[in-house]
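Student: Attaching a predicted model along with its sequence, questions to come.
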Amino acid sequence: MPTVVLVGTLDTKGREYAWLRDAITRLGCDVIAVDAGTREPAGLTPQIDHDQVAAAAGADLAGLRRAGDRGATVAAMGEGAAAVLADLLAQGRLHGVLAMGGSGGSSIAARAVRDLPIGVPKLIVSTMAAGDVSPYVGAKDVSMTYSVVDIAGINRISRQILGNAAAAVAGMARAYEQRPAAEAGDRPLVGATMFGVTTPAVEIARARLEELGYEVLVFHATGAGGKALEGLVDSGLLAGVLDLTTTELADDLVGGVLSAGPDRLTAAARTGTPQVVAPGALDMVNFGPRETVPERFRQRNLYQHNPSVTLMRTTAEEMAELGRRVAAKLAAATGPAALFLPLRGVSALDSEGQPFADPEADRRCFDAMRAGLAGGGAELVEIDAHINDPRFGTAMVDRLHEMIRSGV
């Protein structure tokens with residue numbers, strides 16, 4: 001029988017969680033209730049109480065109460081709940097997670113499910129789900145349902161919404177329990193990053209990877225795409241990473257709209273996943289329509305990609321810093337890693353006669369990369385070709401294949 005784990009603050013939502021427990025049980029699932037509240041539960045006795053949750057985060061619940069810092073308490077209980085869920089998953093006692101709440105309860109739930117692998121059902125019923133849910137969903141497959149009314153008692157409206165949530169998580173949990181870990185004939189997965197200006201390179205690389213027997217997942221390097229790739233690497237589902245397009249790092253450095261945050265290009269290094277990386281589209285920072293470009297950048301080299309996207313050429317100084325950052329991330333790799341440099345340009349706009357052609361800026365970037373990787377474990381490969389030259393993408397794939405096959 002599949003098991004659904006309920007995570008919530010049972011001191012304030014205990015009766016609502018008891019209703020959910022009964023609904024899920026009627027649908028043929030076991031239920032484990034995890035209390036992330038700070039006071040005594042009301043209406044439902046949890047299998048894992050709040051003291052255990054706090055202890056899992058290395059915190060003392062009595063101390064959290066005395067401190068009276070709501071933010072710190074929410075953070076601690078979220079961390080503890082995440083540790084509890086990881087333990088239940090390892091024991092085979094978790095096939096789906098359901099939580100509900102307002103901003104605080106949703107924050108605890110979001111942290112609790114963040115580290116669960118992609119594919120494990122995760123559903124949050126929230127008063128916050130009608131707005132920007134990116135802080136709760138992040139880069140994982142978290143489903144959110146708007147509660148419409150506040151989660152304060154069972155009434156004609158909440159009964160329908162919570163009933164749907166119970167049915168959804170029960171169905172997902174049953175499907176997850178019955179799903180084989182791997183389908184017969186599944187090919188190893190490789191994640192690749194792509195932008196419009198690196199599409200020819202990725203198309204060549206994808207065809208070569210498929211020829212070698214891999215299934216390729218392509219991520220559009222728009223901030224969310226990079227975060228999704230990092231999350232998938234952390235889930236352990238990828239055999240390797242072809243990170244040909246690292247442009248999101250430029251947006252993070254300069255302040256563009258497609259940043260994937262400072263943790264971009266760290267998951268493969270941290271987990272030891274084989275990775276082959278290129279400075280694809282580091283020559284550009286992304287903004288919206290031209291009128292949205294910040295005033296301080298209006299005199300820079302701008303290119304109207306389409307009515308909704310304006311690109312800005314990175315300067316030599318910015319390229320040098322990007323080179324240092326990429327090299328530092330790869331130098332920290334715990335597994336096989338290689339950086340490929342396309343000496344004739346890093347994007348379709350960065351070649352002779354194109355608007356972002358700037359050999360000096362590229363040279364500064366490459367020099368910083370060479371210096372940062374000197375004497376380290378990451379390999380440096382220089383190819384006298386443009387990034388979209390078929391030779392470049394093919395060479396990256398062949399090296400990644402060798403890494404995956406040999407482990408070095």
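Tutor: That came through fine.

Student: Quick check on the closest residue in space to S106 that isn't next to it in sequence: phi, psi?
Tutor: Nearest non-adjacent residue to S106, counting by CB to CB, 6 or more residues apart in numbering: S126, 4.3 Å away. Where you see a C-beta, it was placed from the backbone N, CA and C, and this is true even at glycine. The phi/psi pair for S126 (degrees, to the nearest 10) reads phi -140, psi 150.

Student: ok, the closest residue in space to Q47 that isn't next to it in sequence - contacts?
Tutor: Computed as CB to CB, 6+ apart, the closest residue to Q47 that is not its neighbour in sequence is I32, at 4.9 Å. If a contact means CB atoms under 8 Å, 6 or more residues apart in numbering, then I32 has 3-6, 47-48, 88, 93-94 as its contacts.

Student: Serialize the residues you listed to CSV and add fields for secondary structure, distance to A267 and pLDDT.
Tutor: As requested, the contacts of I32 are exported to CSV (DSSP: H, G, I helix; E, B strand; the rest coil; distance: CB to CB, whole Å; pLDDT from 0 to 100):
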residue, secondary structure, distance to A267, pLDDT
T3, strand, 29, 98
V4, strand, 29, 98
V5, strand, 25, 98
L6, strand, 30, 98
Q47, coil, 33, 97
I48, strand, 29, 97
L88, helix, 24, 98
R93, coil, 27, 97
L94, coil, 23, 98
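
Student: ok, D11 to G37 distance?
Tutor: Distance, D11 to G37, by CB to CB, to the nearest Å: 4 Å.

Student: Likewise for D252?
Tutor: Distance of D252 to G37, computed by CB to CB: 37 Å.

Student: can you count the residues close to A175?
Tutor: Residue crowding around A175 was assessed by other CB atoms under 10 Å; the count is 13.

Student: Between its first and last residues, what's the separation in stretch 32-43?
Tutor: For stretch 32-43, the first-to-last residue distance is 15 Å (CA to CA, to the nearest Å).

Student: Show me what the mean pLDDT comes to for it.
Tutor: Mean per-residue pLDDT for stretch 32-43: 95.

Student: hey, which helix is longest across the protein?
Tutor: For the chain, the helix reaching the highest residue count under DSSP state H is reported as helix 156-178.

Student: residues making contact with the helix or strand that that helix is followed by?
Tutor: As assigned by DSSP states H and E, the chain's next helix or strand after helix 156-178 is strand 189-194. With contact meaning CB under 8 Å, 6+ apart, strand 189-194 is reached by 202, 205-206, 209, 214-221, 225-226, 229, 232-233, 237-246, 280, 400.

Student: ditto for stretch 16-24
Tutor: Stretch 16-24 is touched from outside by 4, 6, 8, 10, 31, 33, 43-44, 98, 100, 151-154, 158-159, 162-163, 165-167, 169-170, with contacts defined as CB under 8 Å, 6+ apart.

Student: Are any of these buried, and if so which?
Tutor: By neighbour count, with 16 or more other CB atoms under 10 Å, those hold 4, 6, 8, 10, 31, 33, 44, 98, 100, 151, 158, 162, 165-166, 169-170 as buried.

Student: Of those residues, which pair is most distant in space?
Tutor: Farthest-apart pair in these is L10 and A170; separation 20.2 Å (CB to CB).

Student: quick revisit: what residues are recorded as beta-bridge partners of the residue nearest to Q47?
Tutor: Beta-bridge partners for I32, by DSSP bridges, are V5.

Student: From S347, how far off is it?
Tutor: Going from I32 to S347 by CB to CB gives 50 Å.

Student: Kindly report the domain assignment for the chain.
Tutor: Following automatic domain parsing, the chain resolves into domains at 3-178, 189-406.

Student: The helix-or-strand element of the chain with minimal mean pLDDT packs against which elements?
Tutor: Sorting the helices and strands of the chain by mean pLDDT, DSSP states H and E puts helix 134-137 at the bottom, at a mean of 89. Helices and strands touching helix 134-137, by 3 or more CB pairs under 8 Å, 6 or more residues apart in numbering; DSSP states H and E, are helix 103-113.

Student: CA atoms only for the helix it packs on, dumped as PDB, please.
Tutor: C-alpha atoms of helix 103-113 as PDB (Å, rounded to 0.1, in the frame of the first residue of the first chain):
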ATOM      1  CA  SER A 103       3.100  31.700   3.700                       C
ATOM      2  CA  GLY A 104       4.800  30.100   6.700                       C
ATOM      3  CA  GLY A 105       3.400  26.600   6.200                       C
ATOM      4  CA  SER A 106       4.100  26.800   2.500                       C
ATOM      5  CA  SER A 107       7.700  27.800   3.200                       C
ATOM      6  CA  ILE A 108       8.200  24.900   5.500                       C
ATOM      7  CA  ALA A 109       6.700  22.500   3.000                       C
ATOM      8  CA  ALA A 110       8.700  23.900   0.100                       C
ATOM      9  CA  ARG A 111      12.000  23.400   2.000                       C
ATOM     10  CA  ALA A 112      10.800  19.900   3.100                       C
ATOM     11  CA  VAL A 113      10.300  18.600  -0.400                       C
END
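
Student: what helices or strands is that helix leaning on?
Tutor: Using 3+ CB pairs under 8 Å, 6+ apart as the contact test, the elements touching helix 103-113 are strand 3-8, helix 70-90, strand 96-101, strand 122-126, helix 134-137.

Student: what about 6 Å?
Tutor: Here helix 103-113 touches strand 3-8, helix 70-90, strand 122-126, going by 3 or more CB pairs under 6 Å, 6 or more residues apart in numbering; DSSP states H and E.

Student: Cool, thanks, talk later.
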